[in-house]
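Asker: build me a structure from this.
(2 chains)
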Protein chains: 2
Amino acid sequence: MSIPVITDKQIREGLSFEVVLSAVERAFVALDAGKSTLFEVVRGTGGGDHFFGVKSAREGSIPVLGLKAGSYVPDNHAHGLPSHLSTTLLIDDRTGVPMAVVEANYLNGLRTSAANALAVRSLARQDSTVVGIIGIGAQAVFEVLAVAHVRPIRRIFAASRSSERREEFMAGIRERSDIEVTFTDAETAARSADVLVTVTPSRVPVVLAGWVRPGTHVSAMGADNVGKQELDIELVRRSRLWVDHPEQAVIIGETQHAYRAGFVSVEALRTQTLGRLLREPIDRNSTDITIFDSSGIAIQDLAAAYAAFQLLRP
Amino acid sequence: MSIPVITDKQIREGLSFEVVLSAVERAFVALDAGKSTLFEVVRGTGGGDHFFGVKSAREGSIPVLGLKAGSYVPDNHAHGLPSHLSTTLLIDDRTGVPMAVVEANYLNGLRTSAANALAVRSLARQDSTVVGIIGIGAQAVFEVLAVAHVRPIRRIFAASRSSERREEFMAGIRERSDIEVTFTDAETAARSADVLVTVTPSRVPVVLAGWVRPGTHVSAMGADNVGKQELDIELVRRSRLWVDHPEQAVIIGETQHAYRAGFVSVEALRTQTLGRLLREPIDRNSTDITIFDSSGIAIQDLAAAYAAFQLLRP
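Answerer: Take a look at the predicted model:
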């Protein structure tokens, strides 16, 4: 008996977004209820341009603790490899026995966009029909489809610095939906959006405060390290803000800039989490701008991987 | 193509101590040569009495970075499970592609005792024939056999608080050698030893300074967390000390007590590492007492797992 491995291929073919969404929802609820523990994040570097990290946690909605090891190697594309590579290890919370290794390259796209879908479901106007997306890398397709899963999206305005990945993005959307796609600039995408999603590796704002209409929901999915930024800090200041995990958001999330500017505190953010929002829904004012800052946490990885394991194990 | 898994069974049947010893030696040499990087150690807890940890590194003697996830669940024995459980993930240093998952329960015994054997080979008198061992848990068999691999050991004096595990210890030794075993108390084991090995989870000294004869080598293998201690601090003060990794030894190793008492510094320890000893052997005075403090580091795990992978991969 060796540790079972759940493959990317199995997950791509056999795991629905719906299942991951429910698992990630239960994980955020358990986190807010104090049932989970996030351990220290490890960051290291390998050869060349290799950024390595480990996120680990005890996920209180399931009998599991474990970790995701992630690598980001920007120039992998030149060698026909994905730039992001992730592997998750699930361990029995009580006995320490390893339960499964889950290849998490595709799964990572699902678990990240599941948090986005949960935020959009909780915060965006019911009648949102237009998604603006800034950044059209591999993750962007997941994000748009996740939003379309929870709101009646009919149109996508997509912006990116180069036109290189347009075909791939379009093919990704076409594979699973017939929503109309228009490629445009960031300002038009932002001004047109009911739900605006940013998913770039940017270190300078890609959305200016004046571009975002009252009543828009913004999901800032890109920032996951010190120095990253997608939103004009003035936009954050005048909006209502939620985060996945306060302690992490103020260091590596979009929120790091508002935190350093002094207009959010970790203490205040503790009541502005996705988990709290799921447990205690709010009524949004139709003119509020709402923001969800996703920095990505291990409970998402464990919840999604355990769902995959339960469904697909040998 | 999924990630290959190398099993405990494969390793037990197909991997020699010799191969692990060479791999771990190259790893310590590379570490001292500045070719490796140890990342932050993660410590967490799971359900019940479950201590969870992650050690990760870039191991410069091989094209690998990766991690070992370890669990320690003291009461697992009551359920017929090992109390220590380890799993290693090997990742390509350049591309981030996962290479293998290696079950590391048996391997952990080999990699730990390999460091001991390297220290004994470098520090113990050539004519050492008697091993004293204090603590006779699962790891003790590995340690005694490792010492016997590098010195002409003819006799073992073994001490433990309870007689419970004696049969198991004896069977472990008998399986691989015909060295004579005598069970005794800690003082007799220490006084009789040419090479003294401590491998307990103790938090108070199990060896007093007066018990150790001039010319003895001591390998302190047990301390791997804050508060653990096996040696009388006076023994450490009057001996010559080497460690696996200075920064870790002063926090979780045996050396933490000497460090807090102020008679060792991280700076000084940088020239008193196992890696340095392997690169620049020393002449020992026949009356010196030498100590090796093993706290256990990720490069050992990665080197041993990669050796297993190279030999046993499908």
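Asker: tell me which element the nearest residue to A:Leu38 once chain neighbours are set aside falls in.
Answerer: Ranked by Cβ to Cβ, 6 or more residues apart in numbering or on different chains and with sequence neighbours excluded, the top spatial neighbour of A:Leu38 is A:Ala57, at 4.7 Å. Using the backbone N, CA and C atoms, a C-beta is placed for each residue, glycine as well. If you go by DSSP states H and E, A:Ala57 is part of strand A:51-59.
Asker: repeat for A:Ser71
Answerer: Per DSSP H and E: A:Ser71 is located in strand A:64-72.
Asker: what pairs with the strand holding A:Ala57, parallel or antiparallel?
Answerer: strand A:37-38 (antiparallel), strand A:42-45 (antiparallel), strand A:64-72 (antiparallel) (DSSP bridges).
Asker: quick one: the first one to chain centroid distance?
Answerer: The one in question is strand A:37-38. Its chain's C-alpha centre and that of strand A:37-38 lie 18 Å apart, by Cα atoms, centre = their mean, to the nearest Å.
Asker: what number of residues lie near the residue of the stretch 201-314 of chain A found nearest chain B?
Answerer: Of all residues in the stretch 201-314 of chain A, A:Ala298 sits closest to chain B, at 10.3 Å by Cβ to the nearest Cβ. Applying other Cβ atoms under 10 Å in any protein chain shown, we find 26 other residues in the vicinity of A:Ala298.
Asker: same check on A:Val73?
Answerer: A:Val73 sits with 25 neighbouring residues when counted by other Cβ under 10 Å.
Asker: please apply the same query to A:Asp32.
Answerer: When neighbours are defined as other Cβ under 10 Å, A:Asp32 has 19 of them.
Asker: deepest in the core, which of the strands paired with strand A:51-59 is it.
Answerer: Among the strands paired with strand A:51-59, strand A:64-72 has the highest mean neighbour count (mean count of other Cβ atoms under 10 Å in any protein chain shown), at a mean of 26.
Asker: and stretch A:99-118, what's its mean pLDDT?
Answerer: Average pLDDT, stretch A:99-118: 98.
Asker: hmm, back to that, report pLDDT for the residue nearest to A:Leu38.
Answerer: Note on A:Ala57: pLDDT of 98.
Asker: list the contacts for it?
Answerer: A:Ala57 makes contact with A:36-39, A:65-67, A:297-299, A:302, B:44, according to Cβ atoms under 8 Å, 6 or more residues apart in numbering or on different chains.
Asker: what mean pLDDT does whichever helix or strand A:Ala146 is part of get?
Answerer: According to DSSP H and E, A:Ala146 maps onto helix A:138-150. Across helix A:138-150, the average pLDDT comes to 97.
Asker: ok, and what's touching that helix?
Answerer: Applying Cβ under 8 Å, 6+ apart, the contact partners of helix A:138-150 are A:17-18, A:21, A:82, A:84, A:109-110, A:112-114, A:116-117, A:120-121, A:124, A:128, A:131, A:133, A:153, A:156, A:158, A:168-169, A:172-173, A:176-177, A:179, A:195, A:197, A:199, A:219, A:221.
Asker: likewise for stretch A:127-137?
Answerer: Contacts with stretch A:127-137, where a contact means Cβ under 8 Å, 6+ apart, come from A:120, A:140, A:143-144, A:147-148, A:151-160, A:165-166, A:168-169, A:186, A:189-202, A:206-207, A:217, A:222, A:230.
Asker: can you say which of those residues are buried?
Answerer: For the contacts of stretch A:127-137, a burial check counting by 16 or more other Cβ atoms under 10 Å in any protein chain shown picks out A:120, A:140, A:143-144, A:147-148, A:151, A:153, A:156-160, A:165, A:169, A:186, A:189-200, A:202, A:206-207, A:217, A:222, A:230.
Asker: okay, and which of those map to helices?
Answerer: Within those, residues falling in helices by DSSP state H are A:120, A:140, A:143-144, A:147-148, A:169, A:186, A:189-192.
Asker: name the nearest of those residues relative to chain B.
Answerer: Using Cβ to the nearest Cβ, A:Ala140 comes nearest to chain B of those, at 21.0 Å.
Asker: how much space between the closest one and A:Met221?
Answerer: 9 Å (Cβ to Cβ, to the nearest Å).
Asker: A:Asp93 now?
Answerer: Where A:Met221 is concerned, A:Asp93 sits at a distance of 29 Å (Cβ to Cβ).
Asker: ok so, going back, just put the strands paired with strand A:51-59 in JSON lines and tack on mean pLDDT.
Answerer: Converted to JSON lines, these look like this (pLDDT from 0 to 100):
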{"stretch": "strand A:37-38", "mean pLDDT": "97"}
{"stretch": "strand A:42-45", "mean pLDDT": "96"}
{"stretch": "strand A:64-72", "mean pLDDT": "97"}
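Asker: in a markdown table: those, plus distance to A:Pro4.
Answerer: Formatted as a markdown table, these follow (distance: least, Cβ to Cβ, whole Å):
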| stretch | distance to A:Pro4 |
| --- | --- |
| strand A:37-38 | 25 |
| strand A:42-45 | 25 |
| strand A:64-72 | 14 |
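Asker: B:Ser239 is nearest to which of these?
Answerer: strand A:42-45 (34.2 Å; Cβ to Cβ).
Asker: ok, A:Glu187 - contacts?
Answerer: Counting by Cβ under 8 Å, 6+ apart, A:Glu187 touches A:208, A:211.
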